[in-house]
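Undergrad: Sequence plus predicted model, see below.
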Amino acid sequence: MMSSAIHTPNAASADSSVDRRGRLGGWSRAISGIALSVLAFEAVFRFLSFEVTRVDPVSHRQVLTMTHRLGEGFGVSHWDASGIRQSPANCTSCPRVLVLGDSFTEALQVNDPDAYPAVAEALLSSTQPILLVNAGQASRSPADYVFDALRNRQLVQPAWTVIQLNLDDLGPDAFIDAKIHFLEQGTKLLTPVAPPSHVYGRITRLLGVLRGHSALVNYALYRLDVIRQTRRPPRWFIAGSEPDGRPAPEARKYPVERELDLMRASYENRITFLFLPPFNTAIESGETRFERYCLSTPGSCVNLRASFDGFRQRGTAPYGFPNSRFGEGHLNRDGHAAARATSGRRASEAATTWSFLAFDSLYS
Amino acid sequence: MVFSSLRFFVFLIVLLLLVAHIRSNRANKVVLCISSCLFYAAWDFRYLGLLLLISGIDFVAAARIHETNVFSKRRFWLALSIVTNLGILAYFKYADFFIHSLNGVLGSYGREVPLLHVFLPAGISFYTFKSMSYTIDVYRRQLTPARTLMEYAMFVSFFPDLIAGPIVRASVFIPQLDNQIGPTRSRLQEGSSLFLVGLGKKLLVADYMGPIADTVFQHPGAWSIGMAWTGLIAYTIQIYCDFSGYSDMAVGTARMLGYDLPQNFRMPYLSGDVSEFWRRWHITLSEWLRDYLYIPLGGNRKTPSRTYLNLMLTMILGGLWHGAGLNFVLWGALHGAALSIHRGWSRMGLRMPRRAGQILTLLFVSLAWVPFRAVDAATTQVMFRRLFLVDGSGNHWLPIVVPAGLILVLAGHAIGVWIEKSDRSANFVLKAFDLQITDHPLSGRQLVFGMRTVSGAFLVSTIVLLIALFAATESSPFIYFRF
């Protein structure tokens, strides 16, 4: 009884070693729990939002699969190495329509067969074999389409080109210095220029590799970027009702007509402009100028606004998803179907007619 | 400085480190008082003087009340305190509302009084009520006044409950100033657990429901009946998670700093009747209204009709406390009428099955949020028409965040019920997840997270990752900041 109560040095060292082991055990359990949680999130994000590149066993080409089920829409898309979305049609000799556009044409929010170029292609192929090449890419603008025109024409050899535009494309989007942009020289000349290529540091390159391997890291870095962009660090002390002292920037008048002319010329006038206006707001000056241009210039223009009344009658919208906002954001399935209805047939007719004309000219 | 902002985390961590290393109780109070002033100044430095002025007047008034036994003098100092507090509140909060209402009458005579366009100081409704209760309690001889102005200023300006409650009584807070506890290990664990739950309610639920409710309430006429109900459900969830989330964070922050604040919410949407709802929703305001308005009006000690009148008056004034607008008056009147009906029903000895009572109460409370949320009477009318008129018109949309939020809230309530009822049989789950249930006399039962087991660490890191990765990027300010 007595001996157990006496605290000997040996007993103390045994106690401290047990204590240390207990602490180590506690730490290892905590780290295991955290690691398990991270793994669970990795699995969830692989299902919700990730990009995987693999080699297709049939074509032996690299295929990029993009899963986009978070934030807006629920789409899985497949892309080839040159940035062209997978198409159900498999014809090499039929007329090709090149579809250029930004994230609205890229349409990560819907599955491959639901993007408007694929919908149009599937519908038109039943009567006339045709290939619609979806080369949409987020943040592209008219400056990119003009800058890449030669490469696009050589790569796809299109009989016709559809260029999807929205208000931002006809406004500030083509004049951002950080990406390919137009340079205005005088009142006549508009030149697309590329920004100097950016050399990334070691950390960015390392993060790039990590992003490619982990869906969780990829999404976490994306979120950091979004938070950095949306949350301007506030001042420490604010007077609530004090208005922001800075004057509003003067509205710039963009050379809409010259941009449209340049795109037409870059694609040899074989072009259809597909305009996607906002659903919830009134007509803005950019759209009015686009419409005026289309009336004054012989060519092919279509405006999704033509389908808006139908949407309103049905109480639905061409933009927005159950996981985003009604009538805002990117085209949903109905919106893609409407874009197909307004642009697809026009482009197909033009493409096939031109293709036959070109064919005839070879033998005449 | 919003609780859910990165800036607040930096502020809190620095403060905790500072408070943990201060030995002297007096220095601790000085640091907390200065940081509370900095916290308030971060909202609007111009009104810091107003906060200190109210503290000064009420401190002096209470001291004078306490030191004299002359009835008239005591009455005078009490009246001075009440008139000052209500006067400041009336000027900043209701001046433009009264002028607007007056212009409605004067308009027919071709006259108009210009609006003052007064900016509402953050938390004014909360700290005036808090300060006013102090002088009233001293007058009623229920409380000994604070010893120093600094102690009293710390009570009024204590930053966790300064902007949106809970409305803490001086009798609860001031005695805690004598014994410095500081941020102990268990307090940090309890406080951070509560803070984490509150942060989750705000960032994972309320902030997702807000835009849906805003979309519907902005143009209710544009939406179908299904979407009108979806919008109402979204707001019902939003206001609960937003306000109770804030209260959890406030109580959690105070706990980490070594102070205890009272519980403000106890699963109100599970109430079996409207009277129970007010014992579970914004508990500190309900108790304030009961002790300082309903009971002085006569409470239920007079005739039944007088009791109904008192209930109506209390709730209408309670509605008006939330904001200067007829919509808040209507909301208060609806609750007053419901309380009167419930009282009459109970007096007749009638009873309703608990489940039916819960459904009916939740339906009534949800519908009563319509005037509370709508900007004007016309929007209220259109919203009610949309909710009950089946004509097949309007836009159809089902935002998936609403069912997701509903599932989260139901799961949270199920856990809440489990915590309330848990006993030894629940020990297996608690032990496995390293959870503790603490029962505090002020803040009630609470779940405390631990990381000493693998599943406990998994649970905590999952909640943290959920908040970090899924929190709405554009967080809206807490709803009750406006009041």
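TA: Okay, I see it. Bear in mind the structure is a predicted one, so any value in this text is a computation, not a measurement. Numbers count the residues shown, from 1 in each chain, chains lettered A, B, ... in the order given.
Undergrad: On the C-terminal side of the lowest-mean-pLDDT helix or strand in chain A, identify the next helix or strand.
TA: Counting by mean pLDDT, DSSP states H and E, chain A has its least confident helix or strand at helix A:2-5, which shows a mean of 42. For helix A:2-5, the succeeding helix or strand toward the C-terminus, using DSSP states H and E, is helix A:9-48.
Undergrad: That next one close to chain B?
TA: Yes. Helix A:9-48 is in contact with chain B by C-beta under 8 Å from any C-beta of the partner chain, via A:26, A:29-34, A:36-38, A:40-41. Quick note: C-beta positions are derived from backbone N, CA and C, even for glycine.
Undergrad: and that helix, which residues are buried?
TA: Across helix A:9-48, burial judged by 16 or more other C-beta atoms under 10 Å in any protein chain shown covers A:26, A:29-30, A:33-34, A:36-38, A:41-42, A:44-45, A:48.
Undergrad: following it, which helix or strand comes up?
TA: strand A:49-55.
Undergrad: For that next one, which residues meet the burial criterion?
TA: A:49-51.
Undergrad: cool, and stretch B:62-70?
TA: For stretch B:62-70, by 16+ other C-beta under 10 Å, it's B:62-66.
Undergrad: quick one: secondary structure of the closest residue to B:Thr314 other than its chain neighbours?
TA: Nearest non-adjacent residue to B:Thr314, counting by C-beta to C-beta, 6 or more residues apart in numbering or on different chains: B:Tyr294, 4.4 Å away. Under DSSP: H, G, I helix; E, B strand; the rest coil, B:Tyr294 falls in the helix class.
Undergrad: burial count for B:Tyr294?
TA: 21 (other C-beta atoms under 10 Å in any protein chain shown).
Undergrad: any idea how far B:Lys302 is from it?
TA: Distance check for B:Tyr294 against B:Lys302: by C-beta to C-beta, to the nearest Å, it reads 12 Å.
Undergrad: any shared contact partners between the two?
TA: When contacts are counted by C-beta atoms under 8 Å, 6 or more residues apart in numbering or on different chains, B:Tyr294 and B:Lys302 are jointly contacted by B:Asn310.
Undergrad: Mind picking the one among the buried residues of stretch B:62-70 that's closest to A:Ser214?
TA: B:Ala62 (60.5 Å; C-beta to C-beta).
Undergrad: Can you give me the first-to-last residue distance of stretch B:169-189?
TA: Distance across stretch B:169-189, first residue to last, is 25 Å (C-alpha to C-alpha, to the nearest Å).
Undergrad: sorry, back to before: can I get the buried residues of helix A:9-48 in a markdown table with pLDDT?
TA: Output for the buried residues of helix A:9-48, formatted as a markdown table (pLDDT from 0 to 100):
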| residue | pLDDT |
| --- | --- |
| A:Gly26 | 80 |
| A:Arg29 | 90 |
| A:Ala30 | 90 |
| A:Gly33 | 93 |
| A:Ile34 | 95 |
| A:Leu36 | 95 |
| A:Ser37 | 95 |
| A:Val38 | 95 |
| A:Phe41 | 94 |
| A:Glu42 | 94 |
| A:Val44 | 92 |
| A:Phe45 | 92 |
| A:Leu48 | 89 |
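Undergrad: Pick the one among those closest to chain B.
TA: Nearest to chain B out of the buried residues of helix A:9-48 is A:Gly33 (C-beta to the nearest C-beta; 2.4 Å).
Undergrad: State the helix or strand in which the closest residue to that closest one other than its chain neighbours lies.
TA: Spatial nearest neighbour of A:Gly33, chain neighbours left out: B:Ala457 (2.4 Å); criterion: C-beta to C-beta, 6+ apart. Taking DSSP H and E as the definition, one finds B:Ala457 inside helix B:454-470.
Undergrad: List the contacts of that helix.
TA: With contact meaning C-beta under 8 Å, 6+ apart, helix B:454-470 is reached by A:29-34, A:36-38, A:40-41, A:219-220, A:223, B:196, B:199-200, B:203-204, B:432-435, B:449-451.
Undergrad: gap between that helix and the chain center?
TA: Offset of helix B:454-470 from its chain centre (C-alpha atoms, centre = their mean, to the nearest Å): 27 Å.
Undergrad: again with stretch B:399-417
TA: 21 Å.
Undergrad: Any idea which residue of the stretch 1-150 of chain B lies closest to chain A?
TA: Closest point on the stretch 1-150 of chain B to chain A, by C-beta to the nearest C-beta, is B:Phe119, at 4.0 Å.
Undergrad: where does that residue fall, helix, sheet strand or coil?
TA: Three-state call for B:Phe119 (three-state DSSP): coil.
Undergrad: Validate this expectation: A:Thr161 resides in a strand.
TA: Yes. Secondary structure of A:Thr161 (three-state DSSP): part of a strand.
Undergrad: Can you check the pLDDT for it?
TA: If you check A:Thr161, the pLDDT there is 90.
Undergrad: Can you show me the helices along chain A?
TA: For chain A, helices defined by DSSP state H occupy the ranges A:2-5, A:9-48, A:103-106, A:116-125, A:142-147, A:149-156, A:202-213, A:215-230, A:256-266, A:285-296, A:308-314, A:333-339, A:345-363.
Undergrad: Report the inter-axis angle for the second one versus helix A:202-213.
TA: Think helix A:9-48. Here the directions of helix A:9-48 and helix A:202-213 differ by 70 degrees (axes from the mean of the first three to the mean of the last three C-alpha atoms, to 10 degrees).
Undergrad: got the buried residues for stretch B:427-438?
TA: Under the neighbour-count criterion of 16+ other C-beta under 10 Å, stretch B:427-438 has B:430, B:433-435, B:437-438 buried.
Undergrad: make that stretch A:168-182, sorry
TA: Within stretch A:168-182, the residues scored as buried using 16+ other C-beta under 10 Å are A:169-171, A:173-175, A:180-182.
Undergrad: for B:Gly130, what are its contacts?
TA: Careful, residue B:130 is Lys; it's not Gly. B:Lys130 neighbours (C-beta under 8 Å, 6+ apart): B:155-156, B:161, B:167-170.
Undergrad: Using CSV, please lay out those together with secondary structure and pLDDT.
TA: Putting these into CSV (DSSP: H, G, I helix; E, B strand; the rest coil; pLDDT from 0 to 100) gives the following:
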residue, secondary structure, pLDDT
B:Phe155, helix, 91
B:Val156, helix, 91
B:Asp161, helix, 91
B:Ile167, coil, 92
B:Val168, coil, 92
B:Arg169, coil, 91
B:Ala170, helix, 90
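Undergrad: Return the member of those nearest to A:Gly73.
TA: For the contacts of B:Lys130, the nearest to A:Gly73 is B:Asp161 (42.2 Å; C-beta to C-beta).
Undergrad: Pull the number of nearby residues for that closest one.
TA: Per other C-beta under 10 Å, the neighbour tally for B:Asp161 reads 28.
Undergrad: My read is that it contacts B:Leu261, right?
TA: Yes. Between B:Asp161 and B:Leu261 there is a contact under C-beta atoms under 8 Å: 5.8 Å.
Undergrad: Could you pull out the residues contacting both of these two?
TA: B:168, B:250, B:254.
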